[in-house]
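Peer 1: I would like the atomic coordinates for the input below:
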Amino acid sequence: LICISIIALILFWKRYGKSDYVKELEERYKEEGLSSKRIRGWLFILYLILVLLIPISIGYMRHNLGMDI
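Peer 2: From the prediction side, this is the model:
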């Protein structure tokens, strides 16, 4: 498991550690408008809430309400 983690870290570092990749991302999102940034931010927050809220609610219904979901 540790070897796999180390290999993954090395691969991610080689992929995302390149300055060309960072410059490409900066160029891609430099001209993004404020409304687009806000919409993306709200969508990200809603996604996180749903990802956390759905499993919590299913666990609550299974264990506390006795539902078979």
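
Peer 1: what about stretch 23-34, how long is it end to end?
Peer 2: 20 Å (C-alpha to C-alpha, to the nearest Å).

Peer 1: which parts of it are buried?
Peer 2: Buried residues in stretch 23-34, counting neighbours by 16 or more other C-beta atoms under 10 Å, are absent. For every residue, glycine as well, the C-beta is placed using N, CA and C.

Peer 1: Off-centre distance for that stretch?
Peer 2: Chain-centre distance of stretch 23-34: 19 Å, with C-alpha atoms, centre = their mean, to the nearest Å.

Peer 1: what's the following helix or strand after the lowest-mean-pLDDT helix or strand in the chain?
Peer 2: When the helices and strands of the chain are scored by mean pLDDT, DSSP states H and E, helix 19-29 comes last with a mean of 80. Next in sequence after helix 19-29, counting helices and strands by DSSP states H and E, comes helix 34-64.

Peer 1: quick one: that following helix to chain centroid distance?
Peer 2: The gap between where helix 34-64 is centred and where its chain is centred comes out at 11 Å by C-alpha atoms, centre = their mean.

Peer 1: Just list what it packs against, helices and strands only.
Peer 2: Applying 3 or more C-beta pairs under 8 Å, 6 or more residues apart in numbering; DSSP states H and E, we find helix 34-64 packed against no helix or strand.
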